[in-house]
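Peer 1: my questions concern the predicted model and sequence given below.
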Amino acid sequence: MTDLQELDKVINDRLEQNLNELAAFCAQPSISAQGKGMKKCASQAAEMLAARGFEVQILPTDGYPAVFGQRSGQTNATLLFYNHYDVQPPEPLELWESPPFEPTIRNGKMFARGVSDDKGHIACRLAAIDSFLAVEGELPCQIKFIIEGEEEIGSVNLAPVIKQYQDLLSADACIWEFGGVNDDGIPIQSAGLRGICYVELSVHTATRDAHSGLGGSIFPNAAWRLIWALSSLKSLDERILLPGFYDHVIPPSSRDLELLENLPDESIPWKRDYGLKNFLKDLAGGVELRQREVFEPTCTICGLTSGYQGPGSKTVLPAEAKAKVDFRLVPNQRPEEVLQQLRTHLDAEDFSDIQITCLGSNPPGRTDLDDPFLHLVVDTAKDVYGTPQLIAPLSGGSGPNHLFLNILNLPVATAGISYPGANIHAPNENIVIKHFLDGVRHTARIINRFAKIYA
Ligand SMILES: [Zn+2]
């Protein structure tokens, strides 16, 4: 019988050591989008696993390698942790209060790029493992890690790795890379992720920009071409106009709606934090807003570039225009179908000149809401947070969880150290040290209960 109090004591006693290790990990840049520090960071992750007696393999990909680690335990039940060692670019640097790759502790928080997303989560799993090794000298079950290096650039090479190493990665359940508490300190379980189809749309109407006095009446304008094409994608009432786009959309079940009702109403903090006057379609809040937030697919213009945008005026007719657009997809939409629908639609609307480049995609993925592993993770939170996790049936973001759900056939659950103020992907990314401790204690309880139930 593992004594949870003994584990907690070790977790507390080792806190400084574990935070120092996390700080050293965060001090090593690993910016996949810019190719900075990737190899060194992969080696550092491998060393951190090896230091705990894990057998480590570097799994090569067509991009940055993934790090695999495995350590056996008292039973053959196997828990797989999915994490990533890459981080987002730190820019704009001037908005950081302390340099992004010089981890700094102030006001009970640690600040650094990657400290929450996702190096802090790796450190959290390792600190929980340390507590078992210190108390029992071994792990209660087998533990595996797959730590990829391309999550922040869309996990572009992960699918072949998961398929090729399916046997190596075999497990009974998977803990996802993120998790944490909401503004009220209540732990949240994200039981699924939306899919995504991210595209760049571009159009070239000439070999170079022209004087608008010369060309305005007689030359095609790339910016207008792109704007007309974009405006054909969605109607003013927010309906996405690609033929067939909604054909495979499954509406939320009554169970999903029930879970959404239990989630706190975030409409007031969202309005306050983002300075919004109202939500789309004048939604008031409550379950209707929650439902639309995650069960409605999107078409979002993420960026738009053309012509002159500097100070003053420049009478120019742009030859080129570009937009980045993401479609967030709900069950059972498929990104490859949406890509095809987009091409067909643009051609049919006389926009064959608009080029589409797909920059990344993932289908949606959900864990069965009745899966016992999901409930193990939900219930073990109670001992740490005083309340079980609240279950969000689907969350708005996206990721490669479908590979774990559908290829490795694992239930996937979330638990972690993050919170809404973590500033992930933004300047001043941080973790609250108290959340880190809580996350480690929860992870230890998950491992402990898992080892018993899945033995
Ligand atoms: Zn991220």
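Peer 2: Now that the structure is in, tell me what you want to look at.

Peer 1: which residues sit against the host helix or strand of residue 223?
Peer 2: Under the criterion of DSSP states H and E, residue 223 resides in helix 222-231. Applying Cβ atoms under 8 Å, 6 or more residues apart in numbering, the external contacts of helix 222-231 come out as 201-206, 301, 304, 306-307, 318-323, 325, 346, 349, 351, 353-354. Any C-beta I mention is one placed from the backbone N, CA and C, and that applies to glycine too.

Peer 1: so which of those are in strands?
Peer 2: Among the contacts of helix 222-231, the ones falling in strands (DSSP state E) are 201, 202, 203, 204, 301, 304, 306, 320, 321, 322, 323, 325.

Peer 1: of all these, which two lie farthest apart?
Peer 2: Within the ones in strands among the contacts of helix 222-231, 204 and 301 form the most distant pair, 19.3 Å apart (Cβ to Cβ).

Peer 1: thinking again about what came up before, could I have the buried ones of the contacts of helix 222-231 as ChimeraX selection syntax?
Peer 2: Buried subset of the contacts of helix 222-231, written as a ChimeraX selection, criterion 16 or more other Cβ atoms under 10 Å:
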select :201,202,203,205,306,307,318,319,320,321,322,323,325,346,351,354
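
Peer 1: in the stretch 151-300 of the chain, which spans are strands?
Peer 2: Under the criterion DSSP state E, counting those that start in this stretch, the stretch 151-300 of the chain contains strands at 173-175, 180-181, 187-190, 192-193, 195-204, 210-211, 300-306.

Peer 1: I'd like those strands as CSV, with distance to residue 218 and mean pLDDT appended.
Peer 2: Output for the strands of the stretch 151-300 of the chain, formatted as CSV (distance: least, Cβ to Cβ, whole Å; pLDDT from 0 to 100):
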stretch, distance to residue 218, mean pLDDT
strand 173-175, 60, 98
strand 180-181, 57, 97
strand 187-190, 54, 98
strand 192-193, 49, 97
strand 195-204, 17, 97
strand 210-211, 10, 97
strand 300-306, 19, 96
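
Peer 1: nearest to residue 93, of those?
Peer 2: Among the strands of the stretch 151-300 of the chain, the nearest to residue 93 by Cβ to Cβ is strand 300-306 (20.2 Å).

Peer 1: CA atoms of the closest one as CSV?
Peer 2: C-alpha atoms of strand 300-306 as CSV (Å, rounded to 0.1, in the frame of the first residue of the first chain):
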residue,chain,number,x,y,z
THR,A,300,-11.4,32.4,-38.5
ILE,A,301,-9.3,34.9,-40.4
CYS,A,302,-6.1,34.8,-38.3
GLY,A,303,-4.2,37.3,-40.4
LEU,A,304,-4.5,39.4,-43.5
THR,A,305,-1.6,41.0,-45.5
SER,A,306,-1.5,43.1,-48.6
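
Peer 1: about what we covered before: chain center to the helix holding residue 223, what's the gap?
Peer 2: Remark: helix 222-231 is offset 31 Å from the chain centroid, using Cα atoms, centre = their mean, to the nearest Å.

Peer 1: with stretch 386-397 instead?
Peer 2: Computed by Cα atoms, centre = their mean, the chain-centroid distance of stretch 386-397 equals 15 Å.
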